[in-house]
Structures are given as structure tokens and as C-alpha cells.
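**Q** Have a look; sequence and predicted model below, questions after that.
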Protein chains: 2
Amino acid sequence: MPAEKFVVTPYEVRGAIDYDRLRELFGTQDLGPELLARLEKAAGAPLPPLLSRGVYYSHRDLAGILEAAEGKKPFFLYSGRGPSGPMHTAHLAPFELCRWFQERFHASMYIQITDDEKFWLRPQYRREETYAWGIENLLDILAVGFDPARTRVFFDTRSIGTMYSLAVDVAKRIPYSTVKAVFGFPTSTNIGLVFYTALQSVPCFYPSWRTGGPVPCLIPCGIDQDPHFRITRDLAEALGYPKPALLHSQILPGLLGGKMSSSGPEKENALYLNDPPEGATRKLKNAFTGGRATVEEQRRLGATPEVCSVWALWRATFAKDEAEFQTVTRDCRSGAMLCGECKGKLTERVLPFLAAHAARREKLRPTAESLILESAPGSTSSSGGPPIPPP
Amino acid sequence: MPAEKFVVTPYEVRGAIDYDRLRELFGTQDLGPELLARLEKAAGAPLPPLLSRGVYYSHRDLAGILEAAEGKKPFFLYSGRGPSGPMHTAHLAPFELCRWFQERFHASMYIQITDDEKFWLRPQYRREETYAWGIENLLDILAVGFDPARTRVFFDTRSIGTMYSLAVDVAKRIPYSTVKAVFGFPTSTNIGLVFYTALQSVPCFYPSWRTGGPVPCLIPCGIDQDPHFRITRDLAEALGYPKPALLHSQILPGLLGGKMSSSGPEKENALYLNDPPEGATRKLKNAFTGGRATVEEQRRLGATPEVCSVWALWRATFAKDEAEFQTVTRDCRSGAMLCGECKGKLTERVLPFLAAHAARREKLRPTAESLILESAPGSTSSSGGPPIPPP
């Protein structure tokens, strides 16, 4: 196999990603029109933009979730966040998709905040920081609009009492050699990070473990997270739990190109949920696009939305409906709308979105922590999870 | 360096151990008469047999503990147990020594039950088993006679909520390469066992972490456990905590020779605390001794107590005072007492000991679990430890 021009792991995304090739490399399935039509029918509602516009493009075992959905059987959702700084718009994508599934199928939702993992990942992070960012990030996630009665949070350093016994079971099944091969860790990697993937498997199995019966799990996530769940899927059967199903998104591009990451030094590369209006406006103005060298050329030849960070924002989050998305795309490609105009329109959409998001998250501050799973003292059993919806 | 004829790690003890050579290899200090005299003076009482008879023979930084003791400053004790079966008499040694320190210096005592570690260690162990043995073993340990007001228990799968944040700090400082080098783990080792040593450091730092000031720690343990605490000591300074001091015992020999281990297939090799009288009697009758081939030869030349498993039991636990220990040793060496007589006398001492121990442990069953540290729900801080004795 020739060397690939890109690297995608949970701990590194580098190079120009060929998504079809990546799906081949990871051995995942194409999220084709047939499955999407089946999902739309089971939901009884149009697909959300993240699915209809192809941001989520790959899966593992979605058919099992569709069978549960079609048979009105319970399944649950799981997604997470490693907190090391403010969240940006691309971070919300898996949670927006989860909300849609929860609304349509009354599914339980588990959110994992991996403050331990983030602390272990970089020498410069302090534990108090990753903890504090965990609380702030949780507010951003909950502001997406989950049903509190069906939503619970694994906040690693607080929920460990609830998670640990299951994590101990999982960890016994994972040899160091697997972690080394899957993540490419050097031997200087600390033993926390080596252990961590066991904790990322816990939410996948938790409802099955708690109820004693198989409850299917669906995980919407960036395709860079797939390696964690390959480990989870490989050991599910031996532990007697269903393999979690996955929906994989493409890596949303940063405003300056590359992955929209909050970890890099390039704070201008991401549109943060806490950017003040002037900051957001400036970042969008400076964003990398698929435009031409001159106005004349762009009017004549049109631009290329597929490489444009601004178009990616319209596509994933901000085009309010399919008609608007098609108009934006068509006018970009034809040259009818220049990049400056497009950025101005997007800014008008982004600023109220950020303001409304900020208001929602602050309203949730007094109650958010009540959703964190913590174990009761004097009890060997874990505290309660959300109710599993009746068939 | 030539290959050694013995192997001593926390996970393997093999070959004929040269204890002086082992102390050199591990880089520990001789527990000489000067330090012992200083300890006796600070305690205001005779040394316990485990110290006066040389079972504990090596140390690290005992002087720091002596300084605390002499200055009436607080220090605390820590020892633990990996539960995979019933405990035998040799397992009690570190706890008996801890009890003496607690009595003499009013020191706090932390007991760690590492049910996670034991589960991770052997494929055949089930988690429910190591948990259940953890509770049973805890009763045996508490039956040694600790002051409940000054004693707390870290039961790993139950106390993890209290331990985890500190374990996360510790784990970040331990690269996989260190664990691999210190324990000699192959790459097939599961990631639980790789992570585990972080949890064995937690009790060493816990009082300092909780109180925000340095509280010295003393750990009596078998010398095979020293590698864990070498890691702990190496990272203590960087975390801002005192290095734990250690008192190392020789490995108590089994009744059939070798280490008295509860993990091996040779259940006849150890005197278990739950052995029925006929079982204990039979095991002692069959025990390996330092006797001669014939009665005539033994009467003439005497026996060799230093290689005898029965003498080791007199020495560590059963000789009621120094006079009796000297008599047993002298009559063995001179040939005045033959092995059968010696075994009979020891059996008369062992059977009432086991009965009294069993009665004490059962009395503790209703209250023992109240000493387990568990975190309170809805709180980010850990639950309370035992009071640190006032200066």
C-alpha cells in the first residue's frame, strides 16, 4: 500500500483528505441514498441538513439502528467532547444530529465530557482548566436543545464512580499492542492516555450493562474518532453487548483551511461560539474561499464551493433550508454571488445565531450539572441513567 | 552485570533470593541497629517481632518518618492487598506492623484493596470474584486491630470517585516506557494493568493532596512491591508531595518452599486464615523444614532454622515473646527439638490464633464497609479521610 498523503487519527488530522479513500482505509460503509430514504421514512420527517447535504457521509451498521427505529424499539445516542478551550461551530454538528434523532425517535442521549483525556493529551494543560472548560462546553452542547428527561452526562472526572466498573471490564480486553497500533502512540505516551480509550467505550455499553439486555447505540462523530470505536466494536461481542453503530462526518474545514480545530495556535481558524460580534465578523471576512483571483474572472468562471470554508458553514449549519442552500451553491458556482457578498450574508446569519446560542447556554447554567451521572455513596451499583424509551 | 539467579517484581517472585544482593539491585537501604534503636526510643516501647527479628530488613527514607515521630509531627501508614482468594498468615505481616505504628504514634492508616488490579492480572479472574474477595480480605485486615477512627479504606472499584482526580494527575507523569521497564510487561498486557500503578500511588499522596501540606507516608510492604513505589517516589517531587518512605520485608517462605502465595496452584503451600483446624494441622505436619535426613543425624548435628518454613512462622507471627523465639531457635539448631515436636507446638499456637482471628473478623462485618472512602454525589471534592493526628 503506497503511503497516503493524509493522516487521520483521533489525535492527529493532517494533509488533504480523500474521503472515499479514507472510508476504504477505515473499512466503513457509504451512507447512500437508500439508507437515507429509509431513515427519512422511519423518522416521518425530512432529513436534517447534516445528512441531506452529505456532511455525514459514512457509517457502520446503521441498518441495525434503522431496524430498531422501524420496529419502534429503543436505541440511544452517544457523542462527546474533549474540553480544552471554547467550542466552535463545527463541534456542534454531531450534537445537532443527535438532537434530531432524539426528537424524531425519543431516543436517550449520553454526552461524554472527557476532561481526563484532554488533560493527558498535552503537557501544558492543567486539570483545573480542562475541568472548567468541560463545564463551559457542556453548556454549549446542552444549548443545542436536548430533552433533559432523556439526556445524561458522563463527565469523566466526576462520573468515574458510575463508569469505572464497566471501564475495568473493557480495559481487560484491550492489550497495549492494540492501542499502540490503532493510535500510533510512541512509548513516551503517558499511561493515562493509554488507558483512556476504555472510558470512551463505556457510554456505548452502559444502557445494555445497566438493563441487562441489548440496547443499540448510535454514535454520530467525526470520522477521525472512528479508531476509538473500532476498538469498542471489536470487544463488544466478547463482553456480550451490541456493537455500536456509527455515523461519520467529514472533517469540517477551518476558516483558513485544514481542520477547524480549537487545539492549534491558529485561533483565527475557527468560528468560536463565544466570539464577540466584531471577532466573528473579522474572521468571516478573512476566511479562505474557493473564489478566483479577480472579480472579472469569478463573474465569468464562477467559484468552487467544495473547497470553500464559508460554503462549508452554509452547508453544515447556516443555510436555513434546502432552497437557500441550493441558491447559495448555485450563485457561488455561477459567479452570480461574489465571495464578499456571500460572507456578508453569512455574517448576518451567524451573529444572531451566536447571540441566541449564548442566551440559551446561560439559561442552562443553573441546571446543567444535575444531568451529570454521579455514583451514590454507600452503594456498589451506579446511579440511574435516563429512562430507556418504551417500545 | 551477570544474570541474577532470582526474579523479584510485584508480579513475579522466582528463584533463591539473595536479600543483600536484592537490596543492592533495588538501591534500598539496610535497616540497621541504629535506626531500629532510634525507632524503639521514639515509640517508648519494645520493637515488634517483625522488626526485632529481621523480617523487615530494608527501607527507604525511614529517617524522615523518625524525624516526624521524634518531633511529634503527623505521618501516616499505607498498605494494601490485591484480592484474589483467602489471605494467609504472611499477608498479615505488613498490617501487623502498621497496627504497631498506629498504636505507638496515633498514626492514620490507609488500606488499599486493589480488586481492579487483581481482575486485570489474570484472565481467569471474574470482577465479581475479586470484588467479593476484597470485602472478605478487608475483614481479615481489619481484624488485625486498627483504630476505626484513624483508619480508612481505598477499595478501588468503590473508592475510584475519591481517588480518580489524583490518579489522573499521577498518570500524566508516568510514560508507558517507565511501566514497561519497571514491571517488564509484554505488549500483550492489558491497558488496565498498564494504568494501575497510578492508583497505587494515590494513597501515598492523598493526605498531602487533601490538606494542602506535606504529610509523610510510611509503607510497610514486601520488597517485591518496591518497584511500584520507585515510580511513586520518582514523580513525588514534580507533583509537590513528599516521597513515601518504605519498610521492606523479606518474602515469607511457603510451607513447601518458595513464596507463600495465594495465587499459585499449590494451596498446600500457604497457611490460610480460613483453613479449618484439620487442614491447618495437616499443612503444618507436611511443611518443609530445615531438618536432617534421620533423627539420629538431627540429634547430633541440629537443624537449620533459616531455611525452615515452620521457623519462619514462629519468627514472623507465632513466637509470643523474644524468650520463646530464642528457645525455639536454639533447640532447633542444637537438635534438642525435632521437627515433629516443633510442628506440634506451632500447631497448638496456630489453631487458637485462627479461631480468634475468625471471631474478630466476623464481628467487624457489619461495620467494615463504613470505612471505605466513597465520594459524595453532586460534589467535586472527595469525601473525608481520617483525621490527621495533631502534632
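**A** Yep, that arrived.
**Q** Give me the phi and psi for A:R292.
**A** phi -90, psi 170 (degrees, to the nearest 10).
**Q** What of A:N286?
**A** Geometry field for A:N286 lists phi and psi as phi -90, psi 0, criterion degrees, to the nearest 10.
**Q** List the residues that contact it.
**A** A:L255, A:L256, A:E268 (C-beta atoms under 8 Å, 6 or more residues apart in numbering or on different chains). Every C-beta, even on glycine, is put in place using the N, C-alpha and C of the backbone.
**Q** Confirm for me that the last one is in contact with A:L284.
**A** It stands for A:E268. No. A:E268 is beyond contact range of A:L284, at 10.7 Å (criterion: C-beta atoms under 8 Å).
**Q** got any residues that touch both of those two?
**A** Counting by C-beta under 8 Å, 6+ apart, the residues touching both A:E268 and A:L284 are A:L255.
**Q** What residues does the stretch 1-150 of chain A have near chain B?
**A** A:D116, A:F119, A:W120, A:R127, A:Y131 (C-beta under 8 Å from any C-beta of the partner chain).
**Q** any chance of those residues in JSON lines, with secondary structure and pLDDT too?
**A** Compiled in JSON lines, the residues of the stretch 1-150 of chain A next to chain B are given as follows (DSSP: H, G, I helix; E, B strand; the rest coil; pLDDT from 0 to 100):
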{"residue": "A:D116", "secondary structure": "helix", "pLDDT": "98"}
{"residue": "A:F119", "secondary structure": "helix", "pLDDT": "98"}
{"residue": "A:W120", "secondary structure": "helix", "pLDDT": "98"}
{"residue": "A:R127", "secondary structure": "helix", "pLDDT": "96"}
{"residue": "A:Y131", "secondary structure": "helix", "pLDDT": "97"}
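**Q** Pull out the buried members of the contacts of A:N286.
**A** The neighbour count (16 or more other C-beta atoms under 10 Å in any protein chain shown) marks A:L255, A:L256 as buried among these.
**Q** ok, so of the contacts of A:N286, who is nearest chain B?
**A** A:E268 (29.7 Å; C-beta to the nearest C-beta).
**Q** Could you report the separation of that closest one from A:L255?
**A** Distance, A:E268 to A:L255, using C-beta to C-beta, to the nearest Å: 7 Å.
**Q** pLDDT averaged over the helix or strand where A:R99 lies - what is it?
**A** Using DSSP states H and E, A:R99 falls within helix A:89-105. The predicted model assigns helix A:89-105 a mean pLDDT of 96.
**Q** Please apply the same query to stretch A:177-196.
**A** Per-residue scores along stretch A:177-196 average to 96.
**Q** neighbours around the nearest residue to A:R104 once chain neighbours are set aside, how many?
**A** Of all residues not flanking A:R104 in the chain, A:A43 sits nearest, at 4.2 Å (C-beta to C-beta, 6 or more residues apart in numbering or on different chains). Number of residues near A:A43 (other C-beta atoms under 10 Å in any protein chain shown) recorded here: 17.
**Q** mind putting the contacts of A:N286 in CSV, distance to chain B, pLDDT and secondary structure included?
**A** CSV is the format used below for the contacts of A:N286 (distance: C-beta to the nearest C-beta, whole Å; pLDDT from 0 to 100; DSSP: H, G, I helix; E, B strand; the rest coil):
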residue, distance to chain B, pLDDT, secondary structure
A:L255, 32, 89, coil
A:L256, 31, 85, coil
A:E268, 30, 83, helix
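**Q** Mind putting the contacts of A:N286 into a markdown table with distance to B:P10?
**A** Compiled in a markdown table, these are given as follows (distance: C-beta to C-beta, whole Å):
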| residue | distance to B:P10 |
| --- | --- |
| A:L255 | 52 |
| A:L256 | 50 |
| A:E268 | 50 |
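**Q** which element is the most far-flung residue of chain A relative to its centre on?
**A** Using C-alpha atoms, centre = their mean, the residue of chain A lying farthest from its centre is A:E296. It sits 39.3 Å away. Secondary structure assignment for A:E296, by DSSP H and E: helix A:295-301.
**Q** pLDDT of that helix, averaged?
**A** pLDDT averaged over helix A:295-301 gives 96.
**Q** okay, it in CSV with CA atoms only?
**A** Extracted in CSV, the C-alpha atoms of helix A:295-301 (Å, rounded to 0.1, in the frame of the first residue of the first chain):
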residue,chain,number,x,y,z
VAL,A,295,-13.7,39.8,-9.7
GLU,A,296,-13.8,39.6,-13.5
GLU,A,297,-12.6,36.0,-13.6
GLN,A,298,-15.0,35.0,-10.9
ARG,A,299,-18.0,36.6,-12.6
ARG,A,300,-17.0,34.7,-15.8
LEU,A,301,-15.9,31.3,-14.4
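**Q** What residues sit buried inside the lowest-mean-pLDDT helix or strand in chain A?
**A** Least confident helix or strand of chain A, by mean pLDDT, DSSP states H and E, is strand A:12-14 with a mean of 84. Neighbour counts using 16+ other C-beta under 10 Å place A:V13 of strand A:12-14 among the buried residues.
**Q** Next: stretch A:121-129.
**A** Across stretch A:121-129, burial judged by 16+ other C-beta under 10 Å covers A:L121, A:Y125, A:R127, A:E129.
**Q** Of those, which belong to helices?
**A** Among these, DSSP state H puts A:L121, A:R127, A:E129 in helices.
**Q** quick one: low-confidence ranges for the stretch 251-391 of chain A?
**A** A:258-266, A:375-391 (pLDDT under 70).
**Q** elements contacting the longest helix belonging to chain A?
**A** If you go by DSSP H, chain A has its longest helix at helix A:339-368. Counting contacts by 3 or more C-beta pairs under 8 Å, 6 or more residues apart in numbering or on different chains; DSSP states H and E, helix A:339-368 packs against helix A:127-142, helix A:277-285, helix A:309-313, helix A:322-334.
**Q** for these, which one sits closest to A:H357?
**A** Smallest distance to A:H357 across those (C-beta to C-beta): 7.3 Å, for helix A:127-142.
**Q** By proximity to chain B, which residue of the stretch 201-350 of chain A wins?
**A** Counting by C-beta to the nearest C-beta, the stretch 201-350 of chain A gets nearest chain B through A:I231, at 9.8 Å.
**Q** Hmm, that residue is touching A:I174, no?
**A** Yes. In this structure, A:I231 is within contact of A:I174 by C-beta under 8 Å, at 6.2 Å.
**Q** So what's the residue count around A:W100?
**A** 20.
**Q** Which residues are in contact with it?
**A** A:A43, A:P48.
**Q** Could you check how far it is from A:F146?
**A** 11 Å.
**Q** sorry, back to before: and of the buried residues of stretch A:121-129, the nearest to B:G212?
**A** Nearest member of the buried residues of stretch A:121-129 to B:G212, counting by C-beta to C-beta, is A:R127, at 15.6 Å.
**Q** With adjacent residues omitted, what lies nearest to the closest one?
**A** A:F119 (4.9 Å).
**Q** how near is the one you found to B:S165?
**A** Distance from A:F119 to B:S165, by C-beta to C-beta: 10 Å.
**Q** Outside of stretch A:290-305 itself, list whatever touches it.
**A** A:289, A:306-308, A:311, A:328-329, A:332-335, A:338-339.
**Q** how about TSV for those, with neighbour count added?
**A** TSV is the format used below for the contacts of stretch A:290-305 (neighbours: other C-beta atoms under 10 Å in any protein chain shown):
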residue	neighbour count
A:T289	21
A:E306	13
A:V307	15
A:C308	21
A:W311	26
A:V328	21
A:T329	18
A:C332	27
A:R333	17
A:S334	13
A:G335	18
A:L338	18
A:C339	21
